[in-house]
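Enquirer: Sequence unavailable; structure follows:
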């Protein structure tokens, strides 16, 4: 059996706790993985003097895949987001956020099953900001035809590979005629020129799209968005199914992929053993399926299926962490999954 070396980036705050629980579950599922630990975020700053050390980037480039816990991002000051840096430095241009209802987690929405695809490298998150004069700041939104075409192609191919039926581009091209206008033109062009016409396609102005989403998210299948819109809407969609603690995330490029919990580092509960590890465990399942898809190792897909069945069963049985209305701590929830893997 092939063993796949995976870079583990525990992160900070609750990151090390949920990462340790996730590793336990993946090992119990007999996933053929070997962990190579490196650091980013506050933990790396304190020990290595850099929030994103070059050795961490080199390790991901060498192994091709990483599993990452949450990293703290200061608000309004301090260092640049580690997540944004990581995506740009490794050219992880496709953010993938599946959003589905889970058993045992009741929300006001049912039968939600959609995927948010976000262009990860451009837009306002390019971080080009300048203070023109005191009290006057400009922020530059960057868009290129190359990146817009690339993410459009990736989204349509993902839809075809996963049996998805429709891609909806949400945009503000009525106002941002050049940047968002180019984004939707590239999506249309890819669909027609590369013969993705078997997949339904629509364009929706994003403010109206948000209204439609909260009215009935089941009318959507896949959403394709530029960077800032995708960041906002992926979190909004997570709210349909219980929040950021129950959705996985992936950032995928041509040569590398980083799978991560998309919630925050929650320093206020760090070290208390109460954090929910499910989002990172689900991201680990995505990672295993990615390995199966890209490296042909079906044992990874089998392990992913066992873990998915285990957390579905645990949630159905009411074995939940406190944020989901249960009583379990981080390690207790991992143990509940492991018990069901053994069963």
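Expert: It's in. Treat the numbers as computed from the prediction; the structure is a model and nothing was measured.

Enquirer: which regions of the stretch 101-250 of the chain lie under the pLDDT threshold?
Expert: Within the stretch 101-250 of the chain, the set of residues satisfying pLDDT under 70 is empty.

Enquirer: Helices of that one, start to end?
Expert: 145-162, 179-193, 206-215, 227-241 (DSSP state H, counting those that start in this stretch).

Enquirer: Tell me which of those helices lies nearest to residue 338.
Expert: Within the helices of the stretch 101-250 of the chain, the stretch nearest residue 338 is helix 227-241; the backing value is 23.9 Å (CB to CB). Where you see a C-beta, it was placed from the backbone N, CA and C, and this is true even at glycine.

Enquirer: sorry, back to before: quick one: which of the helices of the stretch 101-250 of the chain is nearest residue 12?
Expert: When the helices of the stretch 101-250 of the chain are compared by CB to CB, helix 227-241 sits nearest residue 12, at 20.2 Å.

Enquirer: what sits up against that closest one?
Expert: Residues from elsewhere that reach helix 227-241, judged by CB atoms under 8 Å, 6 or more residues apart in numbering: 95, 97, 99-102, 105, 107, 109, 112, 114, 116-125, 170-172, 206, 209-210, 213-214, 217, 223, 225, 244, 246-247, 249, 262.

Enquirer: if we can go back for a sec, switch the helices of the stretch 101-250 of the chain over to TSV; also include distance to residue 28.
Expert: As requested, these are exported to TSV (distance: least, CB to CB, whole Å):
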stretch	distance to residue 28
helix 145-162	27
helix 179-193	41
helix 206-215	37
helix 227-241	25
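
Enquirer: longest strand of the chain?
Expert: In terms of residue count, the longest strand belonging to the chain (DSSP state E) is strand 123-133.

Enquirer: Okay, angle between that strand and helix 227-241 too, please.
Expert: 120 degrees (axes from the mean of the first three to the mean of the last three CA atoms, to 10 degrees).

Enquirer: Show me what strand 123-133 is packed up against.
Expert: strand 136-142, helix 227-241 (3 or more CB pairs under 8 Å, 6 or more residues apart in numbering; DSSP states H and E).

Enquirer: Which stretch among these is buried most, on average?
Expert: Comparing these by mean neighbour count (mean count of other CB atoms under 10 Å), helix 227-241 comes out on top with a mean of 20.

Enquirer: Report the distance from that one to the chain centre.
Expert: Counting by CA atoms, centre = their mean, to the nearest Å, helix 227-241 is centred 11 Å from the centre of its parent chain.

Enquirer: where's residue 144 relative to residue 23, distance?
Expert: Per CB to CB, to the nearest Å, residue 144 is found 38 Å from residue 23.

Enquirer: Those two: which is more packed in?
Expert: Using other CB atoms under 10 Å, the more surrounded residue of residue 144 and residue 23 is residue 23, with 23 against 13.

Enquirer: Next one: the more buried one, what pLDDT does it get?
Expert: pLDDT for residue 23: 98.

Enquirer: Name the next helix or strand downstream of the helix or strand hosting it, please.
Expert: When elements are assigned from DSSP states H and E, residue 23 belongs to helix 15-28. Scanning forward in sequence from helix 15-28 by DSSP H and E, the next helix or strand is strand 33-37.

Enquirer: Could you tell me which strands that next one is paired with, and in which direction each runs?
Expert: strand 4-9 (parallel) (DSSP bridges).

Enquirer: Could you pull up the mean pLDDT of stretch 275-294?
Expert: 98.

Enquirer: And it, what's buried?
Expert: 275-292 (16 or more other CB atoms under 10 Å).

Enquirer: Next: stretch 194-208.
Expert: In stretch 194-208, counting by 16+ other CB under 10 Å, buried: 196, 199, 201, 203-204, 206.

Enquirer: and if you look at stretch 263-270?
Expert: Using 16+ other CB under 10 Å as the burial criterion, the residues of stretch 263-270 that qualify are 263, 265-266, 269-270.

Enquirer: Nothing else from me, thank you.
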